[in-house]
Every structure is written in structure tokens, then in C-alpha cells.
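In: Using only what follows, build the 3D model:
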Amino acid sequence: MSDQDIHSHSFSPHSTTPGPQTPLREPRESDPDHNSNNTTKRLRLHSPSSDSDSQQLKHPDDLPESESNTEFYHDANSDPELQSDIESSDVDDLVLSEVHIHPDNGRVDGQTRTSIFHVGSHSLIQTETNIDAPKVTKDLSWDYAVEIQHAMGTTLRGVGSQVWMGCFLLVDWMISIREQLIGNVALELGGGTGLASIAVCLATPVEKVFCTDYDITVLSNCERNIALNHHLQDSKSQDTLVLNKRILPRRYNWLFDDPMDSVSSSQEKFDWNTLEKEEWKSKGAFIFAADVVYDDSLTDALITCLEKLLVEPLPKDHRFHRRGRVAYVTMEKRFNFSLDQLNVVAQAFDYFVKKIAESTLIEAHRVDCSQLAQHCDYERSKDLVMQHTSASLTLNENADPDVRVDMEMTLNEIAPESLPYVHADEGPDDMPGHVKSSLFGVSLNIPITNGRLNLGTWQGIWLCEHRSHASASHLSPSSIAIAMLRFRQRIPLDIAFTRSRACVLSQKLHSPRRHFTYSRSNSLQATHYALSHSHPQEPPQFEVDHLVIGAGVVGLAIAERLSARGAGSTLLVEKNQLAGQETSSRNSEVIHAGLYYPQDSLKTRLCIRGNELMYEFCEKNNVEHRQTTKWVVGQSEADLVYLEGLSKKAEALLLPTKRMPGPATFIINEKQMLAEEPQVRGKAALVSPRTGIVDVHGLMSTLEARIQDHGGDVILQCEVTGMERMYDLGGYKVNMMTPAGAVTVKAATVINSAGLHADKVYSLLKQPYPTLPKDVGKVNHNANSAEHPLPLFKLHYCKGHYYGYSGRALVSRLIYPVPDNNLTGLGTHLTLDLSGRMRFGPDTLYVEQLNDYFVDPSTVGSSESLELVSQVVASYLPAVKASALYADYAGIRPKLAGPGEPFRDFVIHHHDGFVNLAGIESPGLTSSLAIAEYVESMLY
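Out: Coordinates of the predicted model:
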């Protein structure tokens, strides 16, 4: 076999795979497969598709299809930089990544190799239930063949020159959040070969990635890998920066006070310059790292580094300013037998988790990747894990004089200096002495240790009152309220007091309905914003005026609207780990104009109003959006009649506004179509100038932050388990379950905005239900009558698949076909994302499981399925290529109409303080702010 041999990149990881803590050894004669004549053979990656002799090295684009999925390696002497560390050590000290291990491989004697790793539309999900399932193979509809030069066995110091399994999970995750990466800069820690940075830049619209490492040899190899893949970026889009402009290898020393500082006094090749540092500070919102957790001393440095990165605030005009920076760290648990514990343990992983928990500056939680679409070719095992890391609650606000004034004003309002307070067993004490010393020292740091928030007594009073009675008139946005946003990942918290004595605040504060009792004898539970609120009647643990169930975009909009009233408390609860994880984040992201639905329906009314409010909100709050316009393309005479009727309806409904003074719609003929969009075909098109697209994640993040700014609260991982009407006290008792246990809330009003779960949530309410009318959601049904409770209803789950397109966008606006008669969907339409990429969908498939987001590569992603999609799309866009289509993601819509049933309207029904929202599907995103306005009008 020659020095340049080609083999297909495939691998078969094993549970006993050596990793950074398990060095390779010489095969022994006692080994079952030992062959004394074969102990020095080259390591070879087994190819399930081809075991033939290798070919002469060629560029991947020049290879025939049968040879394109390849990997080649060459002698150690060809890259002395990569081999320097290897040659200085005996082979027994080498470690080898599990990516390169296969039963047919022999020992490693110090080669480097250039491998091809595919990043494409595999969409194969490997969960704990199907880890051992055979790999699904299919023709890739979009695929980047990434060439990576790497080492094949190094000492522990040189493991950055290898490719590790966590890299692939990290790439899958970054692709899944690609919409959030638009206009942002990312930083990879321990970038190694650069595979993750290269794949992220190729498959997402991230603006730039700083691929960092400490070792100059590793960075030099990373630079070569970027150059190897330069052609991939160029072939996709002429208006996109080439790869070597989007990925910058930079030296980053975790042990330095400023890790971006240069090692030497002179500027060297991989040092940061001033402009790059400023670019990271102004645009850097994402940090990612793969398989950097394997040595405890380095883990300590890593956590210190993450603390420095995450606590630094983003500029106020950054879309993620309120959320702050986040870091995603992937790793594979590596198990060793521990003599201390007499068991097999993942020591490096456990140490990382332990040290994060001990940090007072950052926090982390494990990300559920079981339903994450797979875009890299690897076996995803249960030992591959991802940690989401962000800054924890740290208040350092005293440098801003305005903040100090705000705090003093509010604190004096809560507890005036002239009023004596009684501390149990301590006697009278005027407040300012000890309160101001604790609040206005050099800094106010409130550490969190072992799940407990360590507050001084008066700090606890301050935080409780601030969250319950915050007023925009005297509290600035830069005050403690901003830092309290960090609470949203901690549900609930135990609050421990640092004072040695119990303290009772006997004055009734602000509200005559409520007083607060503080006692060390009880473990006080907090759900983000409040200490335990004592109430003369148990079991409710605390009261709220508005309880909103479900933090999708509609629930967020309602909670934002109600909290902005400034009167009454608002609490939004969500059962998932993050807001908007279901229908809200799995749609076309289109701002609709309100054309299609019956004239007297809520869908039409609220979509038209929502369109106006959405543009206004996005412009005011810097949420990224674009008014793209939309064409509805007709192909037949019947379609033209439909378009004429639609245009007349729009003319009657969509009146000119100050922002949009022109006609609501107009029709253009085939010649006009070709002049504006040469690739689109049809007899005529209805033009909708008011249609656009919006960054849904940015919208939801902004709404969530505004809720907290207004004094409202968002509690995640909080599932409603029961509800009942409190006829004696008024309102509703709502039982909820959190990771820390059960919580009971008394709510004056309840808004059921649970989306796919709205029918199940409503069925939890203990009350008599009317049996008629049965057809909830028909246009003729007065769903908003407050005379009777809403009948129980059943939702149908309508799944829609979306297809991405790997080629250049063929159009500059949204293109829709004429919809079907019962408006089950709007047809397989063409939309654009904010980076200009095309996608198609959704299709319509009713399913039984409401969490069935799986995109099956053997059916939906098969070449036959993609060919059918291309045929449907070709009716209005004949230039589309089936080979460029790929199954991207799926969403599920909550419908009141089952298969074949006629149109059903939104249901928004208010009765006796309980508001139900049912069947909030499209155009729910566009209507969200108008729905919030409508719900507020029902209640007030």
C-alpha cells in the first residue's frame, strides 16, 4: 500500500474506546486477534462501501461518485510539525481518538492523515433506543465534504491534532440554532483541527468564527485545513465571504488574565489585533467547545476562562443583550475504574460538572439532544453530552450612579429610614446603617452555592419587593431587574439568610393583601422572583393576578401585554427547558397579511391587526425582520378567478395605513412576473406588499426580557398538573410540578395558551363542562361568549416537513401557490430566511404523537420523496433541482379541524376569569401581538 492511500471515512466506536485518559498499548500475544506478523501495520479506516486498494490522491470534486466519500493518509515525515510531539514519545504513550478506531485497524506508529468528513442532510437521529440500529444510507441532497488533516495518535499534550466525537454533536447543535447565528460572531475554545468551525461556517449563516487554541502547531494545522476547504464556500454563493475570511485561527491562553493577550511583545501570526478584540466584544454572543474536558487542571482553567467570557455583557444594541453570551460544551464521557469509588466512573466529566456547580459566576445544565437532527456521519451514543453554560446571578451595579439612586429610592420607599423595625431578639434598629452597607459596598455579589441563593436579610427583602412592585417610573433598566433575568434557568431556588437571627418585617408593604415573613426555621421556596408569601388560607403558596400557561410566542406576547399594564402581577409558566421550543420555533417565520381566511373570522381580524403590530414592535425593539412581499401564483383559469376574488377581499379589508399607504394587493401578469422574477412561472400572481419574515427566536427573546422588565416572571420546566375553581376565595388554584417539587399558586385569572397541549391543560380544570355546541371553532360558533364555560375540545396534530435548498436562492421574495379549498395548509410554498436561503414547505400529515418531530431520512428525506417535492415546486419554480433539496426540520400545528374537515377558526374564549386559546395555528405567529391585545380587552 502506498504512502497516499484513500479509504472511505466510516468508523465503529466501541464502549471500551480509548480516549485521552486511556493510552494505546502494544497488542499482546494473549489478545484474541493478535497476529505477531502484523504488529506494525498502518492504521486503516474500514470502509463498508469499498475495501479495494487505494487510488492516487485527487481533489474531492474531481473524484467519481463511487470514490468521493474518501479518506487518505501519508507518512509522518510529510508533516513534521504535527509529528514533533509524536516522535518525542514512545508509541505506548500515544492516545487515539475513537473516531479512528475500528476492529480492522492495527497499531498507530505516528502517521498524519487527511480525512473527509461529511456534513449534510443526513437527519439521522441516534437515541438510546436505536444506538445499535444500522446506519441509514441515502443519496445526500446537500453535502459538504470537509477535508481535515489530523494526527493518528499523539501524546496527551497533542490531542488537539486529532478529531474527537464531541465535535460532531456540537456541529449538529449549531446547525439546529443557525437562525440565531445570523449577524453574530462565535468563538471556539480548543478548536484543534478546525473541523467544528469549518462545518459551522459552511452550514450556518454565522458571520465569523474565531477558532482558538494555545498550541502554535495546532493553529498552523487548523489554518491549513481552512485552506483545504476554501473551494467549498466559494462554490455556494458569490456574495458570501470566503471561508478564510470567516474563520480566523487565533491563540487563546486560558491561564492569562486576558486570554487574548499576545504571548510576545511583537505581533505574531495568530495573535489578536485590536479590531478583532472589539469585534468579539460587540458581536460575539456564542462560544462553543468540543472534547476539551479530559484533564482536571485544564478543566479548572476552562471554567475560569468561561467565567471571564460569559460575565462580560453584550452591547445594549445587540439582539441578545438581555440574554447574554452562552457557551455550548460537548464531550464524551470517558469511563475509568476508580479505586476510591470501586466503580466505573466518568471522572473528567464529573469533575467538570462539580466545578461548574461550585462557581458563583456561571451555571450549566445538560441539553437534551435526543431529538436533535443529525447532519454528521457518526454514531451518537448516550455518552455524548452537551452542557449549556451561561452567567449566573451576579450584581455589580454600583459603578453607575443612576443605579445607586434607583436602589436607594426604592429601598427607602419599601422601608423608610424614619420607621423603626424590629429584629427578633435584637430590638429597634433603623434601616439605613446595615442595609446600605450591604447594598452599596464595592460590589453587590450574591453567590449561589449548591442550589442555594445566599442573601442577606435585607437583600432578600429588596429582591422580593423589587420583583413584586417594580415600577418603570423609578427603576432604570440597568438596575437589579436586568440581573434577575438570570433566574430563568433556576426553578425554584432555596433562599438562605446569612444573618444569625430571624428577622420579622411586620409592616405590610405596598399591598394590603400581603405581608412577608422571614424565618430561618423554614426552608423558604422561591419561584424565581419571590420569597414564600404567607397566606391565611393554605394550600396556595403564593398569589398572582395573571397566570399564563405556555411560553410559545402567543403566551409570551400575552404575558408581556399584561405585565406592561403596571397593575397586578403576571407569571408565565412553561413545561419545557426554554421558551418557544414547539410550534413557535418550527414554522416558516412569515409575517402574513391576512388574505386567505373568511372575512368575519378571528384569523382574519387578528392577522391584519397583528401584521401592523408586528412591524411596529420589531422596529421599536430592534428585532430583525424584513418586508419581503409575497406572490400567490396562479397556474389555471380557475386560479385566476380565485386571485381576483382574493384581491377584491383584500381591498375591502386592508385599508391604507401611515406605514403602508399603497394598495393592499395587486395582480401582475406573466410578462411582469418574468421581468421581476425570471425563474418563476405562472399565468398571473397576486402581490402582497405587506408580507414579510421575522426572526422568531429574537422576537421571543425580546418578549421574554420585556416581561421581566415590566416586573413579570417566566418560570421554565414548570408543568401544570391540576386546576380547580376556588368559589369561596375567588380565582383558581393551580398545581404545578417543577424539578424541585410541587408548587401551588392562586391565580385571579388563568390564560391557557398551551398550544399543542391546550386541550389537555383545559381538561385538568375541575368543573362541569357543557356538552353543546360540539363544533368548537366553526365560524358561526360564538366562541367568545362569557355566559358559559367552553366545551371540552380535541386538538388534531398536523405535522409539516420543511425542506432546505443548498443552492443559491433563485428568487428574492416569498412565492406561494394557490391554497387548497379547506385551507388545511397554504401549499408547499417557498420562503426565505433572513440570510437569504430558500426553504420549501410545509407539507400536511396528521399524526398521533404531538412530539413527533423526527425527520425520517428513509422516507421524507429519501431521493424519491425529494423528487416528488421538486415536482410540486416546479409548477411555479421549474429551475429547482431535486439534488439540492434536503429534508431540514418538521413542525406540528394544533388544529381543531381533523383530516378532511372544513375550516375552523381560532378559539379565544373567556369565562369567569379563565381564558382558553385553542387551535392557534397559522397565522398564530403574525397574530400573536394582536391576540395579546384581544385577551387584555377581554379581561379589562
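
In: Where does residue 928 sit: helix, strand or coil?
Out: Reducing the assignment at residue 928 to three states with DSSP: H, G, I helix; E, B strand; the rest coil gives helix.

In: Show me the domain layout of the chain.
Out: Domains of the chain are assigned by automatic domain parsing as 5-391, 401-534.

In: rank those by pLDDT, which is bottom?
Out: Note on the domains of the chain: domain 401-534 shows the lowest mean pLDDT, a mean of 33.

In: what's the spacing between residue 877 and residue 834?
Out: Separation of residue 877 from residue 834 (C-beta to C-beta, to the nearest Å): 20 Å. For glycine as for every other residue, the C-beta is placed from the backbone atoms N, C-alpha and C.

In: Repeat that for residue 255.
Out: On the measure of C-beta to C-beta, residue 255 and residue 834 end up 39 Å apart.

In: neighbour-wise, which of residue 877 and residue 834 wins?
Out: residue 877 (21 against 18; other C-beta atoms under 10 Å).

In: tell me the contacts of the more buried one?
Out: 679, 680, 681, 810, 811, 815, 830 (C-beta atoms under 8 Å, 6 or more residues apart in numbering).

In: now residue 284
Out: Contacts for residue 284 (C-beta under 8 Å, 6+ apart) come out as 184, 185, 186, 187, 210, 314, 325.

In: Could you do residue 211 as well?
Out: Per C-beta under 8 Å, 6+ apart, neighbours of residue 211: 188, 191, 194, 197, 222, 247, 248, 249, 250.

In: At which residues are the helices of the stretch 801-940 of the chain located?
Out: Counting by DSSP state H, counting those that start in this stretch, the stretch 801-940 of the chain has helices at residues 863-873, 924-939.

In: Could you list every helix and strand in contact with the longest one?
Out: Here helix 924-939 is seen to pack against helix 553-563, strand 590-591, helix 602-621, strand 907-911, strand 914-918 when contacts are counted using 3 or more C-beta pairs under 8 Å, 6 or more residues apart in numbering; DSSP states H and E.

In: re earlier: now render the contacts of residue 284 as JSON lines, adding distance to residue 767, secondary structure and neighbour count.
Out: JSON lines is the format used below for these (distance: C-beta to C-beta, whole Å; DSSP: H, G, I helix; E, B strand; the rest coil; neighbours: other C-beta atoms under 10 Å):
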{"residue": "184", "distance to residue 767": "48", "secondary structure": "coil", "neighbour count": "20"}
{"residue": "185", "distance to residue 767": "53", "secondary structure": "strand", "neighbour count": "21"}
{"residue": "186", "distance to residue 767": "50", "secondary structure": "strand", "neighbour count": "26"}
{"residue": "187", "distance to residue 767": "53", "secondary structure": "strand", "neighbour count": "25"}
{"residue": "210", "distance to residue 767": "57", "secondary structure": "strand", "neighbour count": "24"}
{"residue": "314", "distance to residue 767": "47", "secondary structure": "coil", "neighbour count": "19"}
{"residue": "325", "distance to residue 767": "46", "secondary structure": "coil", "neighbour count": "21"}
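
In: farthest-separated two in those?
Out: Largest separation among the contacts of residue 284 by C-beta to C-beta: 210 and 314, giving 15.8 Å.

In: hey, which of the helices and strands packed on helix 924-939 is tucked in deepest?
Out: A comparison of these by mean neighbour count, using mean count of other C-beta atoms under 10 Å, puts helix 553-563 on top with a mean of 29.

In: For it, the averaged confidence score.
Out: On average, helix 553-563 scores 97.

In: can you tell me which residues contact residue 751?
Out: By C-beta under 8 Å, 6+ apart, the neighbours of residue 751 are 546, 547, 548, 549, 555, 558, 915, 917, 935.

In: who's in contact with the fifth one?
Out: Listed by C-beta under 8 Å, 6+ apart, the contact partners of residue 555 are 548, 549, 572, 574, 751, 753, 754, 755.

In: Check those residues against residue 638 and report the nearest one.
Out: Nearest to residue 638 out of the contacts of residue 555 is residue 755 (C-beta to C-beta; 35.2 Å).

In: Can you tell me how far the closest one is from residue 259?
Out: 43 Å.

In: do residue 278 as well
Out: 16 Å.

In: thinking again about what came up before, out of the helices and strands packed on helix 924-939, nearest to residue 114?
Out: Closest approach to residue 114 among those is made by strand 590-591 (43.2 Å; C-beta to C-beta).

In: strand partners of the closest one, parallel vs antiparallel please.
Out: Partner strands and pairing direction for strand 590-591 (DSSP bridges) are strand 692-694 (antiparallel).

In: Residues in contact with the partner strand: which ones?
Out: Among residues not part of strand 692-694, those counted as contacts by C-beta under 8 Å, 6+ apart are 589-591, 614-615, 618, 623-629, 814, 831-834, 925.

In: Which SSE is immediately downstream of it?
Out: Going down the chain from strand 692-694, the next helix or strand is helix 696-709, by DSSP states H and E.

In: Who are the packing partners of that following helix?
Out: Partner elements for helix 696-709 (3+ C-beta pairs under 8 Å, 6+ apart): helix 553-563, helix 602-621, strand 713-715.

In: Tabulate the ones you listed in a markdown table, adding columns for distance to residue 271.
Out: Below are the helices and strands packed on helix 696-709 laid out as a markdown table (distance: least, C-beta to C-beta, whole Å):
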| stretch | distance to residue 271 |
| --- | --- |
| helix 553-563 | 43 |
| helix 602-621 | 38 |
| strand 713-715 | 42 |
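
In: Quick one: closest of those to residue 269.
Out: Nearest to residue 269 among these is helix 602-621; the distance by C-beta to C-beta comes to 41.8 Å.

In: by contact count, what packs against the closest one?
Out: Where contact means 3+ C-beta pairs under 8 Å, 6+ apart, helix 602-621 is packed against strand 590-591, strand 625-626, strand 692-694, helix 696-709, helix 924-939.

In: So for stretch 813-821, mean pLDDT?
Out: Across stretch 813-821, pLDDT averages out at 88.

In: scratch that, stretch 845-862
Out: For stretch 845-862, mean pLDDT is 84.

In: what's the first-to-last distance across that stretch?
Out: With C-alpha to C-alpha, to the nearest Å as the measure, stretch 845-862 spans 17 Å from end to end.

In: now swap in stretch 577-597 and tell me
Out: Terminal residues of stretch 577-597 lie 34 Å apart, using C-alpha to C-alpha.

In: What are the buried residues along that stretch?
Out: By neighbour count on 16 or more other C-beta atoms under 10 Å, the buried set for stretch 577-597 is 578-597.

In: Among those residues, which are located in strands?
Out: Counting by DSSP state E, these place 590, 591 in strands.

In: Okay, and which of the buried residues of stretch 577-597 map to helices?
Out: Per DSSP state H, helices hold no members of these.

In: Helices of the stretch 301-450 of the chain, start to end?
Out: Counting by DSSP H, counting those that start in this stretch, the segments of the stretch 301-450 of the chain that form helices are 347-358, 401-414, 432-439.

In: My guess is residue 291 contacts residue 333. True?
Out: No: counting by C-beta atoms under 8 Å, residue 291 sits too far from residue 333 to count as a contact (10.9 Å).

In: out of these two, which sits in the more crowded spot?
Out: Neighbour count, other C-beta under 10 Å: between residue 291 and residue 333, residue 291 has more, with 27 against 17.

In: was I right about residue 903 contacting residue 896?
Out: No: in this structure, residue 903 is not within contact of residue 896 by C-beta under 8 Å, at 9.5 Å.

In: Just the endpoints, please. Distance across stretch 720-739?
Out: 13 Å.

In: swap that for stretch 838-851, sorry
Out: End-to-end distance for stretch 838-851, by C-alpha to C-alpha: 26 Å.

In: for stretch 899-909, same thing?
Out: Start-to-end span of stretch 899-909 (C-alpha to C-alpha) is 24 Å.

In: rewinding a little: possible to save the contacts of residue 751 as TSV with distance to residue 675?
Out: Listed next are these as TSV, based on distance: C-beta to C-beta, whole Å:
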residue	distance to residue 675
546	52
547	54
548	48
549	50
555	44
558	44
915	49
917	44
935	45
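
In: No more questions from me, cheers.
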